[in-house]
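> Output the structure for:
(one chain, ligands or ions: 1)
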Amino acid sequence: MSLPLRSTRWFGPKDKVGFIHRSWMKNQGHPDHVFDGRPVIGICNTWSDLTPCNAHFRIIAERVRRGVYEAGGFPVEFPVMSLGEPLMRPTTMLFRNLVSMDVEETIRANPLDGVILLVGCDKTTPALLMGAASCDLPTLAISGGPMLNGRFRGRHIGSGTDVYKFSDEVRAGTMSEEEFLEAESCMNRSTGHCMTMGTASTMASVVEALGLGMPGNAAIPAADARRMKLAHEAGRRVVEMVREDLRMSRIVTRKALENAIRVVGAIGGSTNSVVHLLAIAGRLGVDLSLQDWDRLGCDIPCIVNLMPSGRYLMEDFYYAGGLPAVIRELGGVIHRDALTVNGKTIGENTADAPCHDRDVIRTLAAPLTPTGGLAVLKGNLCPDGAIIKPSAASPELMRHRGRAVVFENIEDLHDRIDDPDLDVEAGSVLVLKNCGPKGYPGMAEVGNMPLPSKLLQQGVTDMVRISDARMSGTAFGTVVLHTAPEAAAGGTLALVQDGDIIELDVGERRLELDVPEDELIRRRTRWSPPEPATDRGYCRLYVDHVLQADRGVDFDFLVGGSGAPVARDSH
Ligand code: FES
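Numbers count the residues shown, from 1 in each chain. The predicted model follows:
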């Protein structure tokens with residue numbers, strides 16, 4: 001017995017309203033039979049020339065269409081706002097929630113029975129997953145795939161990771177400007193997203209680990225024909241999912257989210273996945289907390305040897321076996337009975353997954369680093385938590401006491417970081433304020449602040465850095481992020497002054513500001529929040545309603561889904 005489809009409320013009636021719905025769609029040349037009650041599949045496309053990582057998505061959408069038609073569905077492609085990491089200011093994260101609203105309302109307002117999400121560049125993945133989760137239709141995500149390996153003067157270079165290295169080398173005087181500019185054309189040389197294990201690759205892996213993508217989704221390069229094959233097959237499959245009523249909430253369960261956290265640890269994934277998974281869980285009503293990241297993921301060994309934690313890139317990862325090989329290696333650490341979009345469990349999908357290169361995908365017995373996940377810190381400097389990625393940090397700095405060098409905002413940092421008179425030494429702790437959700441606004445990726453030039457020239461390669469910002473998934477260093485509450489919301493971070501002693505102990509999960517409580521109270525009475533960047537429009541809505549990092553940086557009014565009921569008609 002087939003289920004009643006949402007789309008029949010639009011295309012089924014033989015009255016005036018049905019006429020209007022069918023007739024205007026027919027101006028695209030659709031024949032009568034596509035309105036005969038078959039599943040209507042929305043292809044949610046984040047294609048944009050301004051989002052280079054997703055610039056090939058119209059080709060992927062065409063392959064999805066083929067699959068949908070083949071399986072007896074009716075594909076309809078629709079655009080949503082796209083978020084291009086390299087170009088957007090002040091930060092794409094400011095717009096993640098806006099896109100999620102665009103996705104949610106577009107799905108709910110239209111005659112859709114199932115959805116394919118085309119995701120790629122960093123924020124496009126969580127934004128589309130959040131919006132679709134709120135509607136809870138049968139949903140399948142397809143990642144656009146990573147770029148081919150960067151190649152520069154005979155060696156592999158990784159997007160993002162090597163930009164930071166090259167930039168520091170230029171500032172230290174060990175790389176010429178000519179070489180630096182030559183590297184530009186060598187780094188990003190094909191379609192696709194960043195090919196390091198940055199946020200895009202991490203979120204593509206999360207899509208696969210959650211069971212929301214087809215097996216192999218995470219790693220097939222964008223330029224590899226097998227990415228198109230996957231899109232074609234996904235188009236076929238989503239039609240079946242509608243017939244099986246296999247909704248997103250049956251896939252993205254607590255078990256699936258726990259699997260994703262563990263996979264992020266095993267791949268040495270991006271710190272940004274924390275806020276995104278917390279927000280996705282919130283939309284589905286699954287109780288997931290910041291502490292779950294430490295409890296479930298921190299002790300997972302990192303077994304994927306990819307930049308920024310290791311040396312290879314996503315193309316190598318695919319040839320080595322990709323995420324299925326990782327999930328197989330994780331064995332009982334993973335809930336193997338979690339259901340995935342192809343109708344099989346994640347255990348069934350990965351039972352025979354081969355590994356072709358043990359230097360790229362290690363074993364649990366001989367990992368790249370003993371811990372790959374994220375440590376959640378607590379202390380008076382971050383009462384609601386902060387995170388650090390131990391595998392990207394310097395072991396000798398994981399326990400450190402140092403004197404704070406404070407920057408009040410990002411402009412202050414840029415103005416003074418290279419000042420030869422800056423009172424800083426290798427053991428100092430760099431503190432950056434007002435870069436959190438409300439403060440920037442949008443919680444920009446500036447937490448891996450540059451080291452002072454004069455220390456770089458002395459050969460210093462890492463320092464403890466603390467902020468309420470995020471950092472790019474392609475970045476590295478002993479960097480404490482997502483300090484909550486943030487400075488602009490009156491967190492203790494706002495009260496730190498030059499010369500204060502800060503103590504970090506990752507093993508003990510502690511981050512303390514060593515200043516007496518009565519002095520902190522005195523400082524708080526003198527504190528006032530920074531002026532907001534604007535008091536109108538979307539930015540105003542954002543600052544008024546955004547939650548802190550430990551709650552996923554979603555809007556307070558978007559937590560909890562509302563399904564996809566069919567609203568009253570407009571005619
Ligand atoms: Fe788009 Fe890195 S800039 S994924």
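> How about the contacts made by whichever residue of the stretch 201-350 of the chain sits closest to the ligand?
Nearest to the ligand, among the residues of the stretch 201-350 of the chain, is residue 201, at 7.9 Å (Cβ to the nearest ligand atom). From N, CA and C alone the C-beta is placed, and that goes for glycine too. The contact partners of residue 201, taken as Cβ atoms under 8 Å, 6 or more residues apart in numbering, are 146, 193, 194, 195, 218, 219, 267, 269, 270, 306, 314, 473.
> how about those in TSV, adding secondary structure and distance to residue 332?
Formatted as TSV, the contacts of residue 201 follow (DSSP: H, G, I helix; E, B strand; the rest coil; distance: Cβ to Cβ, whole Å):
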residue	secondary structure	distance to residue 332
146	strand	29
193	strand	32
194	coil	32
195	coil	31
218	coil	21
219	coil	23
267	helix	18
269	coil	20
270	coil	25
306	strand	24
314	helix	27
473	coil	28
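> hang on, the earlier thing: kindly list the main-chain dihedrals of the residue of the stretch 201-350 of the chain closest to the ligand?
phi -70, psi -40 (degrees, to the nearest 10).
> Residue 138 versus that one, what's the distance?
26 Å (Cβ to Cβ, to the nearest Å).
> List the buried residues in stretch 239-257.
239-243, 246-253, 255-257 (16 or more other Cβ atoms under 10 Å).
> Export only the CA atoms of stretch 489-502, formatted as CSV.
What follows is stretch 489-502, C-alpha atoms only, in CSV (Å, rounded to 0.1, in the frame of the first residue of the first chain):
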residue,chain,number,x,y,z
ALA,A,489,28.1,38.1,26.3
GLY,A,490,30.0,38.9,29.5
GLY,A,491,32.0,35.7,29.8
THR,A,492,35.1,35.7,32.0
LEU,A,493,37.2,36.1,28.8
ALA,A,494,36.0,39.7,28.7
LEU,A,495,37.8,40.4,32.0
VAL,A,496,41.3,39.1,31.1
GLN,A,497,44.0,41.8,31.1
ASP,A,498,47.6,41.9,29.9
GLY,A,499,49.9,40.1,32.4
ASP,A,500,47.2,37.9,34.0
ILE,A,501,48.4,34.4,34.5
ILE,A,502,46.4,31.7,32.6
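> In it, which residues are buried?
489, 491, 492, 493, 494, 495, 496, 500, 502.
> among the residues you listed, which are in strands?
The strands, defined by DSSP state E, take in residue 502 from these.
> which ones among the buried residues of stretch 489-502 are found in helices?
Here DSSP state H is the test, and the buried residues of stretch 489-502 give no hits in helices at all.
> Quick one: the strands in the stretch 51-200 of the chain, in order.
With DSSP state E, counting those that start in this stretch as the criterion, the stretch 51-200 of the chain has strands at 74-79, 114-119, 139-143, 150-152, 155-157.
> Could you see whether the ligand lies near the third one?
No: shown here: strand 139-143 not in contact with the ligand (Cβ under 6 Å from any ligand atom), separated by at least 10.3 Å.
> give me every residue that touches residue 337.
By Cβ under 8 Å, 6+ apart, residue 337 lies in contact with 255, 345, 347.
> now do residue 478
Residue 478 makes contacts with 388, 393, 394, 397, 398, 400, 462, 463, 464, 465, 504, as judged by Cβ under 8 Å, 6+ apart.
> make it 10 Å
Contact analysis of residue 478 by Cβ atoms under 10 Å, 6 or more residues apart in numbering lists 388-390, 392-398, 400, 429, 448, 462-466, 504, 506.
> Can you give the distance from stretch 41-50 to the centre of its chain?
18 Å (Cα atoms, centre = their mean, to the nearest Å).
> Same question for stretch 468-477.
Taking mean C-alpha positions (Cα atoms, centre = their mean), stretch 468-477 and its chain are 12 Å apart.
> For it, buried residues please.
So for stretch 468-477, counting by 16+ other Cβ under 10 Å, buried means 468, 469, 470, 471, 472, 473, 474, 475, 476, 477.
> residue ranges for the helices of the stretch 351-500 of the chain, please.
Taking DSSP state H, counting those that start in this stretch as the criterion, the stretch 351-500 of the chain carries its helices at 410-416, 453-456.
> okay, the ones you listed, which one's buried deepest?
helix 453-456 (a mean of 17; mean count of other Cβ atoms under 10 Å).
> Other residues contacting that one?
With Cβ under 10 Å, 6+ apart, helix 453-456 has contacts from 168-169, 171-174, 417-422, 424-426, 428, 450, 460-461, 463.
> at 8 Å what do you get?
Residues from elsewhere that reach helix 453-456 (Cβ under 8 Å, 6+ apart): 168, 171, 172, 417, 418, 420, 422, 424, 425, 426, 463.
> so which of the residues you listed comes closest to the ligand?
residue 168 (19.1 Å).
> what does this structure put close to the ligand?
Going by Cβ under 6 Å from any ligand atom, the residues of the chain near the ligand are 53, 85, 86, 121, 122, 159, 193, 194, 198, 200.
> Can you check the pLDDT for the last one?
Yep, that's residue 200 we're talking about. Residue 200 carries a pLDDT value of 97.
> repeat for the first one
Residue 53 is assigned a predicted lDDT (pLDDT) of 98.
> residue contacts, it?
84, 85, 120, 121, 144, 192, 193, 194, 200.
> Just give the number of residues close to the closest residue to the third one other than its chain neighbours.
It refers to residue 120. With sequence-adjacent residues excluded and distances taken as Cβ to Cβ, 6 or more residues apart in numbering, residue 120 is closest to residue 144, at 3.3 Å. As a burial measure, residue 144 scores 30 neighbours (other Cβ atoms under 10 Å).
> now residue 168
16.
> returning to that earlier point: who wins on neighbours among the contacts of residue 201?
residue 195 (37 neighbours).
> what mean pLDDT does whichever strand or helix holds residue 292 have?
Element membership for residue 292 (DSSP states H and E) is helix 290-292. Average pLDDT, helix 290-292: 96.
> got the buried residues for the helix or strand just after that helix?
Following helix 290-292 in sequence order, the next helix or strand is helix 314-320 (DSSP H and E). For helix 314-320, the buried set under the neighbour-count rule, 16+ other Cβ under 10 Å, comprises 314, 315, 316, 317, 318, 320.
> By proximity to the ligand, which residue of the stretch 451-571 of the chain wins?
residue 474 (7.1 Å).
> how about that residue, phi and psi?
According to degrees, to the nearest 10, residue 474 has phi -90, psi 0.
> List the contacts of the residue lying closest to it once chain neighbours are set aside.
The shortest distance from residue 474 to any non-neighbouring residue, by Cβ to Cβ, 6+ apart, is to residue 160 (2.6 Å). Taking Cβ under 8 Å, 6+ apart, we find residue 160 in contact with 194, 196, 198, 308, 472, 473, 474, 475.
> all strands for the stretch 351-500 of the chain, in order.
375-377, 386-388, 399-407, 429-432, 464-467, 479-480.
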